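**Student:** Turn this into a structure:
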Amino acid sequence: MDTSNDSQVFSLVQGPDHEYDVYGHWIHLAKRYGDDCTKYHSVVKGDTCTKLANKYGISVGQFYELNTNVHRGKCDNLFIGYKYCVKPGNNDKDSLTVNKLISGDDKDKQESKTVSDKITQLKQRQLLKRQVAFTYYWTAHASDYNNSKSKKVNIKTCAGKTISTVSETFANALVMEGSGVISSSKVVNLGSCVCKNYACFMELDAKKESYGLSSYGTSLRPFITVAANDIRRDTKIYVPALDGWSLPGSNKKHNGCLIVDDKSWSFGGNHIDWFVNHMDYYKSLNQKHAVSKVDIYEGGNCQLLDY
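**Tutor:** Got it, this is the predicted structure:
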């Protein structure tokens, strides 16, 4: 999904086989921490799983094994502009250098037991990134765009079939955020076509994909999913700055545990974007905490909670 929080237009500047390393330098994806892929293909119109497999000399079965998010046998969720693995690697983990957290000072020792426990826990984790940019993104909800003065428009599938009639303000938000909740029974996502006159959406399973899809075609999870371009997908991370935050719409406090399951075309490396579902949730959290930089640790045994 495009996880930009403003109206600027961004372009993807990285090569299909390169990203940022932990220090913000371009590296080949095969040298990224834990990456098991040495070549990626950016999908263009007309690509199919069979065509890509033949092009790169692998079997269709291997293609599905390398891209487990693609629907096996159907291949109906290849998205234009998204990258898919077409050459396996060897799980080279030598290129990532991590830093150990420096021990706490005397002030830390005077804190409460809860804080002391957190400090002890951090000392046992590896510091993956220090002071990276931290932003939020969300799903567009029709209830947030009840503008009676906004004209009505039809949002449609790539094939031109009308999905729903909504306010133009909400339709623009759908294009910008990439995912949207029209009602409890109707959720949409940008489809794999150029967006013209709002004919660029696909309807999702509102029960299974209640908040929209990530760039990998997986369900977004509020307060759990983060987008990152230089941390391997499915990496569990711990962000101590979030630990203990009260969350809008939930009676639970956050434990700082997140998972990388999305990417963004709106920024490069050294940046994570946190999915919080509602725009109002972003406003509330940002107003209360005003956090723009965070440290990131390996997730270890931290638990991904259902908020």
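
**Student:** give me the number of residues near G57?
**Tutor:** Neighbourhood size, G57 [other CB atoms under 10 Å]: 9. Quick note: C-beta positions are derived from backbone N, CA and C, even for glycine.

**Student:** Three-state assignment for it, please.
**Tutor:** Using DSSP: H, G, I helix; E, B strand; the rest coil, the structure places G57 in coil.

**Student:** So which residues of this structure form helices?
**Tutor:** 49-55, 60-66, 106-109, 113-123, 168-177, 279-289 (DSSP state H).

**Student:** out of those helices, which comes closest to V153?
**Tutor:** helix 168-177 (5.0 Å; CB to CB).

**Student:** care to break this protein down by domain?
**Tutor:** Structural domains annotated on the chain: 18-88, 99-138+216-298, 141-203, as defined by automatic domain parsing.

**Student:** Tabulate the ones you listed (TSV), appending distance to E209 and mean pLDDT.
**Tutor:** Shown next, in TSV, are the domains of the chain (distance: least, CB to CB, whole Å; pLDDT from 0 to 100):
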stretch	distance to E209	mean pLDDT
domain 18-88	11	73
domain 99-138+216-298	5	84
domain 141-203	6	90
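
**Student:** Buried deepest among the helices of the chain, which one?
**Tutor:** Among the helices of the chain, ranked by average contacts under mean count of other CB atoms under 10 Å, first place goes to helix 168-177 (a mean of 20).

**Student:** I'd like to know which elements that one is packed against.
**Tutor:** strand 140-141, strand 152-157, strand 179-183, strand 186-190 (3 or more CB pairs under 8 Å, 6 or more residues apart in numbering; DSSP states H and E).

**Student:** With distance to L305 added, can I get the domains of the chain in TSV?
**Tutor:** Listed next are the domains of the chain as TSV, based on distance: least, CB to CB, whole Å:
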stretch	distance to L305
domain 18-88	23
domain 99-138+216-298	6
domain 141-203	22
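
**Student:** Of all the ones you listed, which one is nearest L304?
**Tutor:** Smallest distance to L304 across the domains of the chain (CB to CB): 5.5 Å, for domain 99-138+216-298.

**Student:** Could you give the separation of that closest one from the chain centroid?
**Tutor:** 13 Å (CA atoms, centre = their mean, to the nearest Å).

**Student:** Any idea what Y136 is bridged to?
**Tutor:** W274 (DSSP bridges).
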